[in-house]
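Engineer: output the structure for:
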Amino acid sequence: MALPVAFFAAFFAYPVAAIVGRGLREGGHWHLGRIGDVLGDPGIRHVLWFTCWQAAASTALTLAVALPGAYVFARLDFPGKRLLRAVVTVPFVLPTVVAGSAFLALLGQNGLTDDLFGLRLGTSVWAILAAHVFFNYAVVVRTVGGLWAQLDPRQEEAARMLGAGRLEAWRRVTLPALGPSVAAAALMVFLFTFTSFGVVQILGGPTYSTLEVEIYRQTAELLDLPTAAVLTLVQLAAVGAILAVHGWTVRRGEASLRLVDGATTAHRPRGGERALLAAVLAVIALLILLPLGVLAARSLDAPGGYGFGYYRALGAQDSSGTFLVPPLETIWNSLRYAAVATVIALAIGGLAAAALVRRAGRLMRGFDALLMLPLGTSAVTVGFGFLITLDKPPLDLRDSWLLVPLAQALVGVPFVVRVMLPVLRAVDHRLREAAAVLGASPARVWREVDLPFVGRALGIAAGFAFAVSLGEFGATVFIARPDSPTLPVAVARLLGRAGGVNYGQAMALSTILMLVCAASLLVLEAPALRRGTHRGADLTGEL
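Structural biologist: Take a look at the predicted model:
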């Protein structure tokens with residue numbers, strides 16, 4: 001626990017506490033009466049209600065749409081499966097402002113739905129919910145599907161042989177086993193939608209606003225740090241309550257699972273599974289591929305006709321002073337930052353998951369909640385906190401490029417923990433004890449017992465951490481150096497400038513970000529999947 005606790009204390013708790021303290025403390029005195037003033041504002045109460053309502057609705061809708069996809073990717077084998085799994089993760093790394101613009105183009109005035117059906121759903125709550133499902137579909141598919149692929153199908157088959165129907169066997173055998181994984185996915189989706197910023201900013205218009213949008217408005221537009229500090233405290237309190245409920249439900253549902261090699265459980269679709277596969281592919285096409293296709297089409301729609309004019313413009317030096325380097329260089333910056341952030345997230349998250357598996361009690365529940373707090377805390381608050389705290393010894397990082405991967409790793413660690421924890425908890429502790437009795441060192445026990453089971457989860461966790469780091473925007477926009485911007489920062493800056501050329505270049509960079517993400521996920525997960533296959537088979541034979 002020591003390293004994860006130190007990491008979160010230095011790079012999360014300290015910056016957030018500093019920015020809240022600066023907002024509520026003046027002249028050496030605390031002005032706590034500001035809390036009542038802010039919460040008594042009817043406009044703020046409306047923001048709080050809408051934030052909670054849309055997050056709950058988005059989570060329920062995402063689970064309903066994505067759980068069938070989790071089954072398809074976990075248990076069915078079909079051509080193009082690995083590529084499609086990488087593609088469905090691409091929305092998760094897109095800057096929220098870009099995805100919001102894509103859905104506005106689909107659902108708003110002169111959008112696709114307006115042209116074809118006369119429906120204008122832009123700047124509505126339905127557009128917000130659809131965009132949230134678009135973003136978080138991969139969270140459920142990859143988190144739940146990673147464990148579902150490793151559940152022994154013979155347990156469900158045994159229930160059916162004893163007279164249970166297909167649905168009853170799934171409800172009584174598989175669903176309880178998936179419970180912790182489904183809860184983890186639901187928690188992550190809720191926290192992301194609870195702190196939604198870019199999507200609500202673009203699709204909500206003046207009518208809808210979340211806590212994150214209001215914190216940004218109070219901080220960056222009105223310069224009202226006291227109000228922003230109160231809203232940050234409210235956000236932290238709400239997230240703490242959510243994490244407490246989550247921890248209670250998971251503890252009630254934990255059970256020892258029988259895991260097998262995930263590569264052996266997939267089979268060709270048969271019977272009704274073909275219809276399910278077709279339905280899932282249709283959902284992916286409409287919900288994910290269509291918005292991504294709009295972005296790609298916009299990037300090729302140059303003034304002189306369809307072509308790569310916007311892409312060629314990315315390699316030229318910017319004359320307006322917005323960029324100190326050609327926008328194309330942001331690709332290398334993003335890959336470098338994301339790689340370092342992934343290593344940090346795997347190290348911190350792996351240690352944290354191992355600690356949570358081996359110990360229990362209130363202390364560990366508090367530690368578990370601490371790991372999830374960055375997902376439910378305003379990225380604006382974290383970014384400003386970095387600027388005002390990490391500027392003097394012993395943490396003087398003002399001129400260090402490490403600031404960016406450290407901020408990105410804060411968001412990546414919770415995904416590593418949530419992906420690995422259900423799998424680690426499912427490993428029978430008697431296998432570790434037997435290996436130790438036979439003389440294996442702790443390192444060899446981890447290598448020979450745990451790793452064959454968690455190798456697949458480790459690859460999924462690495463892919464998530466890398467994808468999240470590529471797309472992190474809220475904190476990075478404040479701390480990225482002018483000569484080393486990331487892809488999302490460059491996209492946001494281009495979208496903030498008037499003119500069709502700037503918009504086209506933003507779409508071109510977004511398309512490049514999509515391709516880089518898909519290729520990176522394929523590269524990251526392939527070794528883990530192969531390792532999980534061979535090592536899992538070897539261990540099964542030995543047992």
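Engineer: residue 313 touches residue 505, doesn't it?
Structural biologist: Yes. In this structure, residue 313 is within contact of residue 505 by CB atoms under 8 Å, at 5.7 Å. (Glycine included, C-beta is placed from N, CA and C.)
Engineer: more neighbours: these two, which one.
Structural biologist: When residue 313 and residue 505 are compared for neighbours, residue 505 comes out ahead with 27 against 18, by other CB atoms under 10 Å.
Engineer: test my guess that that one contacts residue 315.
Structural biologist: No. Between residue 505 and residue 315 there is no contact under CB under 8 Å: 10.6 Å.
Engineer: CA atoms only for stretch 430-440, dumped as CSV, please.
Structural biologist: Provided in CSV are the C-alpha atoms of stretch 430-440 (Å, rounded to 0.1, in the frame of the first residue of the first chain):
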residue,chain,number,x,y,z
ARG,A,430,-5.1,-22.6,-2.0
LEU,A,431,-3.1,-22.6,-5.2
ARG,A,432,-0.8,-20.0,-3.8
GLU,A,433,-0.5,-21.8,-0.5
ALA,A,434,0.2,-25.1,-2.2
ALA,A,435,3.0,-23.5,-4.3
ALA,A,436,4.5,-21.9,-1.2
VAL,A,437,4.4,-25.3,0.7
LEU,A,438,6.3,-26.8,-2.2
GLY,A,439,9.1,-24.3,-1.8
ALA,A,440,8.2,-21.6,-4.3
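Engineer: how far is that stretch from where the chain is centred?
Structural biologist: Taking the mean of its C-alpha atoms, stretch 430-440 sits 36 Å from the chain's own mean (CA atoms, centre = their mean, to the nearest Å).
Engineer: Three-state assignment for the residue nearest the centre of the chain, please.
Structural biologist: Centrality entry for the chain: nearest residue to the mean C-alpha point is residue 468, 5.6 Å, by CA atoms, centre = their mean. What DSSP: H, G, I helix; E, B strand; the rest coil gives for residue 468 is helix.
Engineer: ranking helices and strands of the chain by mean pLDDT, which lands last?
Structural biologist: Lowest by mean pLDDT, DSSP states H and E among the helices and strands of the chain is helix 112-117, with a mean of 48.
Engineer: residue boundaries of the strands in the stretch 1-150 of the chain?
Structural biologist: 25-26, 29-30 (DSSP state E, counting those that start in this stretch).
Engineer: with the stretch 301-450 of the chain instead?
Structural biologist: Using DSSP E, counting those that start in this stretch, the strands of the stretch 301-450 of the chain run over 301-302, 305-306, 391-392, 395-396.
Engineer: make TSV from those and add mean neighbour count to it.
Structural biologist: Listed next are the strands of the stretch 301-450 of the chain as TSV, based on neighbours: other CB atoms under 10 Å:
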stretch	mean neighbour count
strand 301-302	17
strand 305-306	8
strand 391-392	10
strand 395-396	12
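Engineer: right, so of those, which gets closest to residue 222?
Structural biologist: Nearest of the strands of the stretch 301-450 of the chain to residue 222, taken as CB to CB: strand 391-392 at 24.4 Å.
Engineer: which residues touch that closest one?
Structural biologist: Residues from elsewhere that reach strand 391-392 (CB atoms under 8 Å, 6 or more residues apart in numbering): 397, 398.
Engineer: quick one: mean pLDDT over it.
Structural biologist: Across strand 391-392, pLDDT averages out at 77.
Engineer: any idea how far that strand is from the chain center?
Structural biologist: Distance of strand 391-392 from its chain centroid, counting by CA atoms, centre = their mean, is 30 Å.
Engineer: give the contact list for the residue nearest to the centre of the chain.
Structural biologist: When the contact criterion is CB under 8 Å, 6+ apart, the partners of residue 468 are 92, 93, 408, 411, 412, 415.
Engineer: closest one of these to residue 236?
Structural biologist: Relative to residue 236, the closest of those is residue 411; by CB to CB it sits at 15.8 Å.
Engineer: low-confidence ranges, the stretch 101-250 of the chain, go.
Structural biologist: For the stretch 101-250 of the chain, the stretches with pLDDT under 70 are 101, 104-105, 107-123, 205, 246-250.
Engineer: which residues in it form helices?
Structural biologist: Residue ranges of the helices in the stretch 101-250 of the chain, as given by DSSP state H, counting those that start in this stretch, are 112-117, 125-148, 153-161, 166-169, 175-194, 198-203, 211-216, 225-253.
Engineer: residue 459 is nearest to which of those?
Structural biologist: Per CB to CB, nearest to residue 459 of those: helix 125-148, 8.9 Å.
Engineer: the nearest residue in space to residue 267 that is not next to it in sequence: neighbour count?
Structural biologist: Among residues not flanking residue 267 along the chain, residue 77 sits closest, at 5.9 Å (CB to CB, 6 or more residues apart in numbering). Residue 77 has 11 neighbours, counted by other CB under 10 Å.
Engineer: how about the one 5 residues further on?
Structural biologist: Residues near residue 82, counting by other CB under 10 Å, number 14.
Engineer: what about it, distance to residue 211?
Structural biologist: Distance, residue 82 to residue 211, using CB to CB, to the nearest Å: 38 Å.
Engineer: now swap in residue 361 and tell me
Structural biologist: 32 Å.
Engineer: more neighbours: which of the two?
Structural biologist: residue 211 (26 against 8).
Engineer: ok, the closest residue to the more buried one other than its chain neighbours - contacts?
Structural biologist: Ranked by CB to CB, 6+ apart and with sequence neighbours excluded, the top spatial neighbour of residue 211 is residue 51, at 4.8 Å. Neighbouring residues of residue 51 by CB under 8 Å, 6+ apart: 194, 210, 211.
Engineer: how far away is residue 51 from residue 236?
Structural biologist: 13 Å.
Engineer: please apply the same query to residue 449.
Structural biologist: According to CB to CB, residue 449 stands 38 Å off from residue 236.
Engineer: between these two, which is the more surrounded one?
Structural biologist: Ranked by neighbour count (other CB under 10 Å), residue 449 and residue 236 place residue 449 first, with 22 against 17.
Engineer: how many residues are close by the nearest residue in space to the more buried one that is not next to it in sequence?
Structural biologist: For residue 449, ignoring the flanking residues on the chain, the nearest one in space by CB to CB, 6+ apart is residue 431 at 5.0 Å. Residues within reach of residue 431, counting by other CB under 10 Å, total 16.
Engineer: and for residue 430?
Structural biologist: By other CB under 10 Å, neighbour count at residue 430 equals 9.
Engineer: just residue 508 next, same as before
Structural biologist: 27.
Engineer: quick check: it touching residue 299?
Structural biologist: Yes. Contact criterion CB under 8 Å: residue 508 and residue 299 qualify, at 4.2 Å.
Engineer: pull up the overlap in contacts between those two.
Structural biologist: 310, 311.
Engineer: that older thread, tell me which of the strands of the stretch 1-150 of the chain is the most buried.
Structural biologist: Highest mean neighbour count among these (mean count of other CB atoms under 10 Å): strand 25-26, with a mean of 13.
Engineer: with residue 332 as the reference, measure out to residue 60.
Structural biologist: Residue 60 is 40 Å from residue 332, where distance means CB to CB.
Engineer: swap that for residue 25, please
Structural biologist: Here residue 25 is placed at a distance of 42 Å from residue 332 (CB to CB).
Engineer: residue 156 too?
Structural biologist: 47 Å.
Engineer: who has more neighbours out of these two?
Structural biologist: Just comparing residue 156 and residue 332: by other CB under 10 Å the higher neighbour count belongs to residue 156, 18 against 12.
Engineer: just confirm the more buried one contacts residue 171, I think it does.
Structural biologist: No. Here residue 156 lies out of contact with residue 171, judged by CB under 8 Å, at a distance of 10.3 Å.
Engineer: ok, and for stretch 351-364, which residues are buried?
Structural biologist: 351, 352, 353, 354, 355, 356, 357, 364 (16 or more other CB atoms under 10 Å).
Engineer: now that stretch, how far from the chain's geometric center?
Structural biologist: Computed by CA atoms, centre = their mean, the separation of stretch 351-364 from the middle of its chain amounts to 22 Å.
Engineer: for the record, mean pLDDT for it?
Structural biologist: Stretch 351-364 carries an average pLDDT of 81.
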